[in-house]
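Asker: The following comprises the amino acid sequence and a computationally predicted model.
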Amino acid sequence: MKTLKGSCLCSAVTFELEDDFYDFHLCHCTQCQKISGSSNAANAFTRPDNLRWLSGEDKIKRFDYPGRQFTTVFCTECGSGLPFTTVDGKHLIVPVGCLDEQPTLKPQDNIFWQERMAWHDESFQAKKFDGFPS
């Protein structure tokens, strides 16, 4: 099984895990919009023991939304989303953007589609650039 490495933006927190995901959702719920600061979150699910922190565990902050099964974990230096075990302990959720390599599993679905940003569908028609527009 291939090992994937991951990190936060500032590289204070690093980790590795096996490329052994069983679910990969693009979530468009309003909570994921707030947490990601974007139109959706891209989260892959794996078993809870599939994670080894390499550095920066002291820079990790966890926020569990009161009264709900909703969590975010992030680097206290740069704010990047990081892997976390669900409150019930059944899954390790990995924000795919914090992986340094692409996982084998591709997104399987778009969940909470009815909550997507009004402009989401039209965004695919916008101009595309390899960097900042000139």
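Answerer: Looks like it came in fine.
Asker: centroid residue for this protein?
Answerer: Taking Cα atoms, centre = their mean, the centroid of the chain lies closest to P95, which sits 1.4 Å from it.
Asker: hang on, isn't that one packed against A41?
Answerer: Yes - if you go by Cβ atoms under 8 Å, P95 and A41 touch, sitting 6.6 Å apart. Glycine gets a C-beta too; all of them are placed from N, C-alpha and C.
Asker: Need the residues touching each of those two.
Answerer: Common contacts of P95 and A41, defined by Cβ atoms under 8 Å, 6 or more residues apart in numbering, comprise G81.
Asker: contacting residues for the residue nearest to the centre of the chain?
Answerer: Contacts for P95 (Cβ under 8 Å, 6+ apart) come out as 36, 41-43, 81-83.
Asker: Counting by contacts, list what the helix or strand of the chain with the lowest mean pLDDT packs against.
Answerer: Across the helices and strands of the chain, mean confidence by mean pLDDT, DSSP states H and E is lowest for helix 30-36: a mean of 91. Packed against helix 30-36 by the contact rule (3 or more Cβ pairs under 8 Å, 6 or more residues apart in numbering; DSSP states H and E) you find strand 41-46.
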